[in-house]
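Chemist: Below are the sequence and a predicted model; questions follow.
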Amino acid sequence: MRAVIVEKFGNITIKDIPKPSPGHEEALVKISSAGVCHSDLHLAYGDWPVATPPFPLGHEGIGIVEELGAGAEAFVQKGDRVILGLGGTAGGYWCGACEYCLAGKPMLCLQRKNLIGIYSEYVSIWAKALVKLPDEISDREVPLACAGLTAYSAIKKLAKFGIPAGKLIAIIGAAGGLGHYAVQIAKAFGYKVIGVDIGPEKLEFVKKLGADHAVEVSEAMKFVKKKLGGVYASIVFSSKIAGFELGLKLLKAGGVLIAVGLPAFKEGSISINPFEFILKGLHIVGSLVGTVEEMRELVQLAAEGKVKTHIGRVANLSELNQVFEELEQGKIVGRAIIDNIME
């Protein structure tokens with residue numbers, strides 16, 4: 001079967017590799033569409049020191065279950081149309097019995113196995129990590145598998161910090177692959193949303209998503225702090241350190257920064273003034289993907305038409321290198337997908 005392999009950092013090739021067989025509690029899924037995540041770009045370019053070439057790539061997928069390993073029938077059936085329910089982090093396995101799993105945080109499980117290798121014709125996946133899809137959701141909604149789930153889980157954390165519907169929040173990187181989901185989800189939950197991004201095209205897109213305000217990065221401080229008095233929460237999907245620093249500056253006293261975007265290591269670290277941070281009573285929390293149950297909730301929202309994927313780029317598997325270049329240059333509004341694995 002055909003699959004994308006990172007032979008060396010920055011060098012992506014399509015190779016013929018053996019078709020996998022499903023192991024215990026695994027399902028063999030024929031991939032019909034795959035999403036292109038910024039994480040894939042970072043991995044392929046060696047921005048994060050978490051993988052050593054050669055390795056496969058991709059973690060957002062929709063497909064059809066073709067074969068079941070022993071025990072998998074308890075979770076899915078042959079012919080089921082499924083979406084990967086936990087993105088890449090812990091999408092391959094979590095133990096279910098440790099303190100993190102029992103607390104509903106399988107993405108932190110010390111025995112977790114990350115899922116990778118979705119840019120291929122077939123993949124064998126732990127069946128517990130799969131979520132069945134209704135007919136209302138097309139294959140082009142494939143970025144829900146990670147980008148959508150990650151945005152959904154981040155928005156849900158607002159309630160844990162006592163930020164109810166109706167309050168003003170900022171979404172940094174609102175026109176991006178994750179941010180454009182977050183705007184829709186936040187509005188569906190009843191929040192007032194300021195979408196922050198760069199350029200008139202992206203700001204117009206953010207307005208069409210339903211944001212109450214769409215603001216250029218360079219104007220955000222003046223508009224949000226001086227005119228509106230700050231926000232109760234900033235959710236940062238930007239992969240730039242400057243995005244996190246802006247998010248902190250936009251907060252009201254007692255506000256919360258929810259950090260989602262993962263910058264390249266070369267970006268450095270966030271600079272925080274302890275006096276300002278402590279005296280203003282600010283909170284900072286990281287948000288890493290989500291859970292399978294949250295994926296089911298998101299699928300229901302999407303089936304009801306409350307969350308839709310904006311596809312900024314559709315490509316064949318052979319065009320992946322070009323898509324990565326466009327993604328790195330910030331040319332893609334919304335999400336990119338691979339809708340023909342065979343070409």
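Modeler: Looks like it came in fine.
Chemist: When you work out contacts or count neighbours from here on, use the C-alpha atoms and nothing else.
Modeler: Will do.
Chemist: Quick check: end-to-end length of stretch 68-87?
Modeler: One end of stretch 68-87 to the other measures 21 Å (CA to CA, to the nearest Å).
Chemist: for stretch 218-237, same thing?
Modeler: 17 Å.
Chemist: now that stretch: how far from the chain's centre is it?
Modeler: Distance of stretch 218-237 from its chain centroid, counting by CA atoms, centre = their mean, to the nearest Å, is 23 Å.
Chemist: ranges for the helices of this structure?
Modeler: For the chain, the helices defined by DSSP state H cover 38-45, 99-102, 147-160, 179-188, 200-208, 217-220, 228, 241-249, 274-279, 292-303, 320-328.
Chemist: Just name the most buried of those.
Modeler: Greatest average neighbour count among the helices of the chain goes to helix 179-188 (a mean of 26), per mean count of other CA atoms under 10 Å.
Chemist: What lies in contact with it?
Modeler: 147-148, 151-152, 155, 171-174, 192-193, 195, 206, 209-211, 237, 306-310, 334 (CA atoms under 8 Å, 6 or more residues apart in numbering).
Chemist: Also stretch 282-289?
Modeler: Against stretch 282-289 from outside (CA under 8 Å, 6+ apart): 86-87, 89, 107, 146-147, 149-151, 153-154, 251, 253-260.
Chemist: Now the terminal residues of it, how far apart.
Modeler: 23 Å.
Chemist: and if you look at stretch 65-75?
Modeler: For stretch 65-75, the end-to-end distance is 11 Å (CA to CA).
Chemist: Spell out which residues make up each domain of the chain.
Modeler: Here the domain assignment for the chain is 2-146+309-340, 149-286, based on automatic domain parsing.
Chemist: what's the distance between the residue lying closest to K252 once chain neighbours are set aside and I17?
Modeler: Nearest non-adjacent residue to K252, counting by CA to CA, 6 or more residues apart in numbering: G230, 4.8 Å away. Per CA to CA, G230 is found 53 Å from I17.
Chemist: I'd like the distance between C95 and C101.
Modeler: Shown here: C95 relative to C101, a distance of 7 Å by CA to CA.
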